[in-house]
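**Q** predicted model, plus sequence, below.
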Protein chains: 2
Amino acid sequence: MSFQKLDDLGRKLEALEHALSILGADEATHMAVGGGEKRAEAMSNLAGLYHAQSTAPEIADWIEAAKKEVESEDQKLALGEFQKTYINATCLPTEFVERKTAATMRSEQLWRELRAKNDWDSFLPALEGVVALVREEAQLRADALKLAPYDALMEQYDPGNRTADLDLVFGDLKSFLTGFVPEALAAQEQRLAKRPRKVLSGPYPIEKQRELGLAAMRAVGFDFTHGSLAVSHHPFCGGVPTDVRMTTRYRTDEFLSSLMGVLHETGHALYEQGLPKAWSHWPLGKARGMGIHESQSLFVEMQLSRSPEFWEFTLPLVHLHLGEDAIPGWEITDILSEVNHVERGYIRVDADEVTYPLHVILRYELEQDLVNGKLEASQIPEAWDAKMTEYLGLSTLADPKDGPMQDVHWPGGAFGYFPSYTLGAMIAAQQWAALEKVQPSVREDIRKGDFTGVNQWRSDNIWTQGSRWSTPDLITRATGEPLNADFFKAHLKKRYLA
Amino acid sequence: MSFQKLDDLGRKLEALEHALSILGADEATHMAVGGGEKRAEAMSNLAGLYHAQSTAPEIADWIEAAKKEVESEDQKLALGEFQKTYINATCLPTEFVERKTAATMRSEQLWRELRAKNDWDSFLPALEGVVALVREEAQLRADALKLAPYDALMEQYDPGNRTADLDLVFGDLKSFLTGFVPEALAAQEQRLAKRPRKVLSGPYPIEKQRELGLAAMRAVGFDFTHGSLAVSHHPFCGGVPTDVRMTTRYRTDEFLSSLMGVLHETGHALYEQGLPKAWSHWPLGKARGMGIHESQSLFVEMQLSRSPEFWEFTLPLVHLHLGEDAIPGWEITDILSEVNHVERGYIRVDADEVTYPLHVILRYELEQDLVNGKLEASQIPEAWDAKMTEYLGLSTLADPKDGPMQDVHWPGGAFGYFPSYTLGAMIAAQQWAALEKVQPSVREDIRKGDFTGVNQWRSDNIWTQGSRWSTPDLITRATGEPLNADFFKAHLKKRYLA
């Protein structure tokens, strides 16, 4: 049985993924400082084994033969994902992969060094090399997938997403936001004139913050029999679905950034913990893609955790874990004012939910032009500055490290990934609207800290679906209509203009 | 170049070993409780990959071809170890390995269940099956290695050890100990009559015990840039040489069992950390075997850490970390009286260093007879009881769970391993004597907490040697003579009769 061979292969590959995931999480949390070199060597060798196993030529034959065997709908879908994964893994010649890996590793190293020195000019040649390789990759993938080059790159992160659709949705959102940002800032100014921002009066001991974070994770549904929380320099959600490794980091002068980070990663974790267990060794059983994953983290972080209802049950948790006088005089409105503060800034990762999409759309527009040859790497600083000035009124020409040198994605050769962030925000808002329609009491539930209904809806509509549907199909099936920026726009208006 | 192919293969296998080691340590320390099933599946699949990679038929050709290529002494030794490892991995047919794995897994599970019920009779059929398989294995290994069956089993754990030599040394030690145990007990009684045993007055907080353990590890030379200490139910030393994962467990009513356990595992850790780094992907670069490994842990635990000199610098550490009045009125002599207390007992793992070898020799004698067909599994209870009565004056007939059902080794099919424990104790004593001969000031150094000289000698003579020599050759090279029980006997006399 050829399908059985694919099934067996899936178990081998799952074991290697398991090792790579746990080793990766371990590296950031528990590895001795001198263990890095051997760890990198081991992981690179395991990745090589994974590549060799997953691209063996006989797999193509198994897939073809299995097409005549599969009967159930699940098996058909599973086989389709096996095939897509195989094409994705084999459409680049080994020679090309080696060339790109070497170039992007070197470019990332250079970027780390030169970004600290704010030195765009010295970095440019490396980035030009990466752009040339990405154009080559986009064409190779486009040929294999019969897609346009940039669409073929996006296909790796969010299968089914096409610029033809995204251009419309992002265009809509962009024109909304350029007007909305000043409105939201003006409304915020008025609110703060009446009730100024408070300042947190730490220190907040790490052990107590940890207890608060664990309580929040438990409340929103994290399963501690299948996961844990540790500390790392950069917070992440890794591990495997049966043992999700979440991390956070702590400052002692305030506790909100760690708490909101924990809630964000919990959103990712719930998705992983909720995936269909019987298919965990099939591509069909994995999370759908980056945009949907981000929708799950932003659903928890933005839709749930920055709402007034959420803080009705969370403020007492803060008192319980940090102490009755940890935040003297703070009311829910003060917390919301803090976590929902809007500010135009240079740095994407520091941006609030209102300005964040503009950072993403800027990159989405530029990287399409870069891939399609309409823009050269040398022209990025001017193009970046023009868009930042237009969208956010900020000039970046003097400071490339806070402009086009701020992200690791391009130096690392990851083009087509950026849209996922804002897709996630929009999908989350659309999911919330769909959920509220069928569960009118959901805000009441959240007020009481009861996420059963919320999670049941997400489990039914997202988590247990694994990779059954393309990203757009999953959105439509879950929410009843295709991606539509109106839900996100309505969410922003409600939160920031009220 | 065929040697180069072996070198490349070594790197792949090292990556899989790395993954298995870290996943194993992680499972006991940081894994979520519900992650066990998938972890077991992943590790079993990785072990399967390891087996497939390490037993590929072409490796035999590479080894033969490489024999004509190698020139340096190191390469010749490396090739020899590649070949031994390959024979060891391929001398059992896959069909047999699968049969044995299934049988011993089942037998181990049964043992866990039936040991708790003290039910030998129900366990016997499973053990009979294991013994039959072990006889088959011993014969297969004997044919491949041209050794006697039991020697062929020992060869996996301590290459070069032969019953012809061990019988003499163990026989010598046994006849010494049967007389010495009563003498040591009488001397102990006299000492305790003059100065009775004190009782520790906890509680000793875990965090403080941890700090004490870390200080002790640091003092004897543990490199914290290449390792760490965590907590697990069963203490172990795992991980990889560049990132050694040590564990301990804590009781709060006393601190000495954790501290002595930490020192034992630190002995294992120093060996791993001191192995030759450039050969870490060759069999030649691994630790020599179980007996030598145990000699390194017992060197630290028994030779160093239970000596009066050691406690001259460690008692102040106890005060520093546990508090000035943590052990009120305790002097060095009280600590030594506690950690060197001798008592006849049923359980090997609870035994002191005087009675421990008798537990091992009993098993060594019985398992030889089992392998050679002179004893059947059904006869074990009587044979065990007879020897326990003869060696330690204790009858075990009524209580098989504290008799022949106490160890996992036989239910797990590991025959030939037991001698390593007592070999380790003897080798450690012999090493100490050799070291003291060339470093007459070593006791003075230890008094000051200075282990530089001790560790330099061990690094030169043991750690950096990797697997260059067979176990007996390594002993002779390091200490100037073959294994000789006199050193261990002299050590016991000095410690327990003085």
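**A** Noted; the coordinates are in hand.
**Q** when you work out contacts or count neighbours from here on, use the C-alpha atoms and nothing else.
**A** Noted.
**Q** report pLDDT for the residue nearest the centre of chain A.
**A** In chain A, the centroid-proximal residue (CA atoms, centre = their mean) is A:E294; its distance is 3.9 Å. With respect to pLDDT, A:E294 scores 98.
**Q** which secondary structure element is home to it?
**A** Here A:E294 sits within helix A:290-298, counting by DSSP states H and E.
**Q** residues of the helix ranked longest in chain A that come out buried?
**A** Using DSSP state H, we find that the single longest helix of chain A is helix A:163-194. Buried residues in helix A:163-194, defined by neighbour count with 16 or more other CA atoms under 10 Å in any protein chain shown: A:163, A:166, A:169-170, A:173-174, A:177-178, A:180-181, A:184-185, A:188.
**Q** tell me what whichever helix or strand comes after the helix holding A:E294 is packed against?
**A** Toward the C-terminus, helix A:290-298 is succeeded by helix A:308-322 as the next helix or strand (DSSP H and E). Secondary-structure packing of helix A:308-322 (3 or more CA pairs under 8 Å, 6 or more residues apart in numbering or on different chains; DSSP states H and E): helix A:206-220, helix A:332-339, helix A:442-447.
**Q** what's the average pLDDT for the first one?
**A** Meaning helix A:206-220. Here the average pLDDT along helix A:206-220 is 98.
**Q** check what contacts it and list those residues.
**A** Residues outside helix A:206-220 that contact it (CA atoms under 8 Å, 6 or more residues apart in numbering or on different chains): A:224, A:229, A:250-252, A:255, A:258-259, A:262-263, A:266, A:314, A:317-318, A:321-322, A:449-451.
**Q** who in chain A is up against chain B?
**A** With CA under 8 Å from any CA of the partner chain as the criterion, chain A comes near chain B at residues A:11-12, A:14-16, A:18-19, A:22-23, A:31-35, A:38-39, A:41-43, A:45-46, A:224-228, A:242-243.
**Q** what sits against the residue lying closest to A:L397 once chain neighbours are set aside?
**A** Excluding the flanking residues, the one nearest A:L397 by CA to CA, 6 or more residues apart in numbering or on different chains is A:D385, at 5.9 Å. Going by CA under 8 Å, 6+ apart, A:D385 touches A:L394, A:S395, A:T396, A:L397, A:G403.
**Q** can you select the buried ones among those for me in ChimeraX?
**A** Buried residues within these, by 16+ other CA under 10 Å, are selected in ChimeraX with:
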select /A:395,396,397,403
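**Q** just the closest of the contacts of A:D385 to chain B, please.
**A** Nearest to chain B, judged by CA to the nearest CA, of the contacts of A:D385 is A:G403 at 36.7 Å.
**Q** gap between the closest residue to the residue nearest to the centre of chain A other than its chain neighbours and chain B?
**A** Among residues not flanking A:E294 along the chain, A:G424 sits closest, at 4.6 Å (CA to CA, 6+ apart). Distance, A:G424 to chain B, by CA to the nearest CA, to the nearest Å: 28 Å.
**Q** and A:E81, by the same measure?
**A** 22 Å.
**Q** quick one on the thing from earlier: same for the longest helix of chain A, what does it pack against?
**A** helix A:356-371, helix A:485-497.
**Q** mean confidence score for the last one?
**A** Per-residue pLDDT values over helix A:485-497 give a mean of 98.
**Q** repeat that for the first one.
**A** Here helix A:356-371 scores 98 as its mean pLDDT.
**Q** buried ones in that helix?
**A** Here helix A:356-371 shows A:356-364, A:366-368, A:370-371 as buried, counting by 16+ other CA under 10 Å.
**Q** check the last one too.
**A** Within helix A:485-497, the residues scored as buried using 16+ other CA under 10 Å are A:A485, A:D486, A:F487, A:F488, A:K489, A:H491, A:L492, A:Y496.
**Q** list the contacts of the fifth one.
**A** Put plainly, it is A:K489. A:L173, A:F176.
**Q** so it versus A:Q368, what's the distance?
**A** 25 Å (CA to CA, to the nearest Å).
**Q** with the first one instead?
**A** When distances are taken as CA to CA, A:A485 and A:Q368 turn out to be 21 Å apart.
**Q** pLDDT wise, what is the residue nearest to A:L336 when sequence neighbours are not counted at?
**A** Closest residue to A:L336 apart from its sequence neighbours, by CA to CA, 6+ apart: A:R306 at 6.5 Å. pLDDT, A:R306: 98.
**Q** so who does A:R306 touch?
**A** Taking CA under 8 Å, 6+ apart as the definition, contacts of A:R306 comprise A:L336, A:V339, A:N340.
**Q** with distance to A:A89, neighbour count and pLDDT added, can I get these in JSON lines?
**A** Below are the contacts of A:R306 laid out as JSON lines (distance: CA to CA, whole Å; neighbours: other CA atoms under 10 Å in any protein chain shown; pLDDT from 0 to 100):
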{"residue": "A:L336", "distance to A:A89": "45", "neighbour count": "16", "pLDDT": "97"}
{"residue": "A:V339", "distance to A:A89": "41", "neighbour count": "17", "pLDDT": "97"}
{"residue": "A:N340", "distance to A:A89": "41", "neighbour count": "18", "pLDDT": "97"}
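**Q** return the member of the residues you listed nearest to chain B.
**A** A:V339 (31.2 Å).
**Q** that closest one: what's it in contact with?
**A** Contacts of A:V339 (CA under 8 Å, 6+ apart): A:L256, A:R306.
**Q** what helix or strand is A:A287 located in?
**A** Using DSSP H and E, A:A287 sits in no helix or strand.
**Q** in the buried residues of helix A:356-371, find the pair that's most separated.
**A** A:Y356 and A:V371 (22.8 Å; CA to CA).
**Q** hmm, back to that, name only those of the residues of chain A next to chain B that count as buried.
**A** Counted by 16+ other CA under 10 Å, the residues of chain A next to chain B give A:11-12, A:14-16, A:18-19, A:22-23, A:31-33, A:35, A:38-39, A:41-43, A:45-46, A:224, A:226-228, A:242-243 as buried.
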